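**Q** structure for this input, please:
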Amino acid sequence: MAPPLPVLSGREVVRVFEALGWSVARQSGSHIILVKDGEMATLSVPDHREVAKGTLRGLIRAAGLTVADFMAAT
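**A** Numbering: from 1, shown residues only. Down below sits the predicted model:
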């Protein structure tokens with residue numbers, strides 16, 4: 001079973017993905033767009049006080065990571 005996800009703000013989520021090699025491409029309204037060299041996917045992180053667990057799980061999956069990988073970088 002996957003470890004439970006913490007409640008993180010959008011900016012905290014961005015910091016974790018930056019630690020995993022992603023970088024901020026731009027801010028589009030209320031979302032922060034992340035890109036990574038060699039990855040086709042872009043990540044659109046909502047700049048909210050709390051990112052919904054389902055949204056965070058989807059971002060982790062889109063980045064090609066497991067929840068455990070993400071948690072190890074927090």
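**Q** so Ala73 sits against Leu20, correct?
**A** Yes - assessed by C-beta atoms under 8 Å, Ala73 is found in contact with Leu20 at 5.2 Å. C-beta here means a position set from N, CA and C on the backbone, and glycine is covered the same way.
**Q** looking at those two, which is more packed in?
**A** Leu20 (16 against 13; other C-beta atoms under 10 Å).
**Q** low pLDDT regions in this protein?
**A** Applying pLDDT under 70 to the chain picks out residues 1-2.
**Q** where do the helices sit along it?
**A** In the chain, the helices defined using DSSP state H lie at 10-19, 53-62, 67-73.
**Q** so what's Ile60 up against?
**A** Taking C-beta atoms under 8 Å, 6 or more residues apart in numbering as the criterion, Ile60 is in contact with 66-67, 69-70.
**Q** which of the residues you listed has the most neighbours?
**A** Of the contacts of Ile60, with other C-beta under 10 Å as the count, Phe70 tops at 25 neighbours.
**Q** nearest residue to that residue in space, please, no chain neighbours.
**A** Setting aside the residues directly before and after it, Phe70 is nearest to Ile60 in space (C-beta to C-beta, 6 or more residues apart in numbering), at 4.8 Å.
**Q** what about that neighbour, distance to Arg26?
**A** Per C-beta to C-beta, to the nearest Å, Ile60 is found 21 Å from Arg26.
**Q** repeat for Pro46
**A** According to C-beta to C-beta, Pro46 and Arg26 sit 14 Å apart.
**Q** of these two, who's got more company?
**A** Neighbours were counted for Pro46 and for Arg26 using other C-beta under 10 Å; Pro46 has more, 18 against 10.
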